[in-house]
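# Below: sequence and its predicted model.
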Amino acid sequence: SKSPEIIERMRRTGREAADTLAALGQMIRPGITTEEIDIACHEMAIARNSYPSPLEYPGMVDPFPKSVCASVNEVICHGIPDDRPLADGDIINLDVTLFKEGVHGDTNATFFVGQVDEASQRLVRVTRECLELGIEAAKPGRPLNEIGRAIQDHAEAAGFGVVRDFVGHGIGQQFHTDLQICHYYHPRQTDIIEPGMTFTIEPMITAGSWKIRMWDDGWTAVTADGSRTAQFEHTLVINDDGAEILTTPSDTTTHPYWALASAPV
Ligand code: MF3
Ligand code: CO
Ligand code: CO
């Protein structure tokens, strides 16, 4: 568990990451490329005296070559920015992690590109709710697997799948610690949630099968059946009364986690 001083630093870095994510979201429109978003992410990070944690992060094949993960439609996570222009009707997840003051802040959201079909809108809304329910389940004294149970129950009740191959993680001075947070019910994940713990919850929810396929770049994970998928992520600290979101932006009105919660269905 983390000292109050480290958590204070994580609060500041978390807000920088969230503000960067919200600003990148404002750039999304048909025609823009994910490479343009990546360049903006790198520039914003440097302007905030931060390092974009994905850049050169080690992987199974090659290190991650860009500053942000950009995952479109059937891409589950870790999409590499490229020169394909976004198209009207796409959904895109941007995953921003910044390193500042010796700590990481990790957060992502799924955005609509232009006019998106009803089924994709429902997928994105339910995924957002899965994160909210996971956060509500993250109370001190409860087993860790209550988080995954809450997420899986909600996703499957809506007819969606929960990705197993990627999990939430402990975070702080390290980007990923060995603490794993499953987004499905894992019977043996019974460690008790304690005040001072810092970790992410980042459910990846699929319209079809939860089975994945990896591209040979070693990073891009896609749904095996080509169905669409969405994700939301926050970095959290466990307080005596529950989880506090460390990746809240200065202005929540332009951030889909908050904007979608208040928009009429
Ligand atoms: N931000 C991702 C996560 O939520 C990790 C990205 S690793 C990268 O854990 F190398 F792809 F950036
Ligand atoms: Co993460
Ligand atoms: Co992330």
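Right, received. Where do you want to start? This structure is a prediction, so every number in the text was calculated from the model and none was measured. Residues are numbered from 1 along each chain as shown. Ligands and ions are numbered 1, 2, ... in the order given.

# Low-confidence stretches in the stretch 101-250 of the chain?
In the predicted model of the stretch 101-250 of the chain, no residue satisfies pLDDT under 70.

# in it, which spans are strands?
Under the criterion DSSP state E, counting those that start in this stretch, the stretch 101-250 of the chain contains strands at 103-112, 161-162, 168-169, 180-181, 198-201, 204-206, 212-214, 221-223, 229-231, 234-239, 242-245.

# Minimum distance to residue 136: which of those strands has it?
Among the strands of the stretch 101-250 of the chain, the nearest to residue 136 by C-beta to C-beta is strand 242-245 (7.5 Å). For glycine as for every other residue, the C-beta is placed from the backbone atoms N, C-alpha and C.

# near ligand 2, which residues of the stretch 101-250 of the chain?
When proximity is defined as C-beta under 5 Å from the ion, the stretch 101-250 of the chain approaches ligand 2 at 106, 200.

# Just list the residues touching the residue in the chain that ligand 1 sits nearest to, thanks.
Nearest residue of the chain to ligand 1: residue 54, at 2.8 Å (C-beta to the nearest ligand atom). Contacts for residue 54 (C-beta atoms under 8 Å, 6 or more residues apart in numbering) come out as 64, 66-69, 95, 97.

# and those near ligand 1, which?
64, 69, 95, 97 (C-beta under 6 Å from any ligand atom).

# In PyMOL, select just the buried ones from those.
The PyMOL selection below is limited to those of these classed as buried (16 or more other C-beta atoms under 10 Å):
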select buried, resi 64+69+95+97
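
# possible to save the ones next to ligand 1 among the contacts of residue 54 as CSV with pLDDT, secondary structure and distance to ligand 3?
Converted to CSV, these look like this (pLDDT from 0 to 100; DSSP: H, G, I helix; E, B strand; the rest coil; distance: C-beta to the ion, whole Å):
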residue, pLDDT, secondary structure, distance to ligand 3
64, 98, coil, 11
69, 99, strand, 7
95, 99, strand, 4
97, 99, strand, 5
